[in-house]
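Enquirer: Only the shape, not the letters, is given here:
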């Protein structure tokens, strides 16, 4: 790993974990307010995300303390235009980014169009992307067979209705 992007990558990851933990904390606190009992289902996520926020904040302080300082030449070096973008590109390759965005879209679509449609779109889309558009017939067959197996096992055998 290049020294010039190391510190930014570390900061980016720690701050990302902090922000995601903060979001989880706020959601779990809202759930806890609805059911403020000590044995509520929201107690564990509230405590866990609170600890995650604290440890990610401590990690930022550790990065600041322990990461090697950049030389003046490294500070002035071109990072391809933007230090943060360079760190993000190095930390999260395109495949990971697309899969993360696809997973978020899947979660949103799940409530809008239901399990089977959103799962079919997610599976077919991600497999097609990862295969770079090759073997589309095979991708569609795998997706269809997977959905049929899920339907038979979950809805028919276990008798669980999916949304």
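Expert: Nice, thanks for sending it over. Only a predicted model underlies this, so the values are computations on that prediction, with no experimental measurement involved.

Enquirer: pretty sure residue 7 is touching residue 63, no?
Expert: Yes. The criterion here is C-beta atoms under 8 Å, and residue 7 meets it with residue 63 at 6.7 Å. Every C-beta, even on glycine, is put in place using the N, C-alpha and C of the backbone.

Enquirer: how close does residue 110 sit to residue 122?
Expert: Residue 110 sits 9 Å away from residue 122, taking C-beta to C-beta, to the nearest Å as the criterion.

Enquirer: Please say which of those two ends up with more neighbours.
Expert: Neighbour count, other C-beta atoms under 10 Å: between residue 110 and residue 122, residue 122 has more, with 19 against 16.

Enquirer: unless I'm mixing things up, the more buried one is touching residue 106, no?
Expert: Yes. Between residue 122 and residue 106 a contact is recorded at 4.2 Å, counting by C-beta under 8 Å.

Enquirer: Surely residue 140 touches residue 125?
Expert: No. Taking C-beta under 8 Å as the contact criterion, residue 140 and residue 125 are not neighbours in contact, 11.3 Å apart.

Enquirer: Next up, the contacts around residue 122.
Expert: Residue 122 sits next to 102-103, 105-106, 109 when contact means C-beta atoms under 8 Å, 6 or more residues apart in numbering.

Enquirer: Residue 53: which of those residues is nearest?
Expert: Ranked by distance to residue 53 (C-beta to C-beta), those are led by residue 103 at 22.6 Å.

Enquirer: Quick check, central residue of the chain?
Expert: The central residue of the chain, meaning the one whose C-alpha is nearest the mean C-alpha position (C-alpha atoms, centre = their mean), is residue 100 at 5.2 Å.

Enquirer: quick one: that residue from residue 127, how far?
Expert: 16 Å.

Enquirer: Would you tell me what helix or strand the residue nearest to residue 46 when sequence neighbours are not counted is located in?
Expert: In space, residue 46 comes closest to residue 28 once its chain neighbours are excluded; the distance is 4.2 Å by C-beta to C-beta, 6 or more residues apart in numbering. Following DSSP states H and E, the helix or strand that holds residue 28 is helix 3-34.
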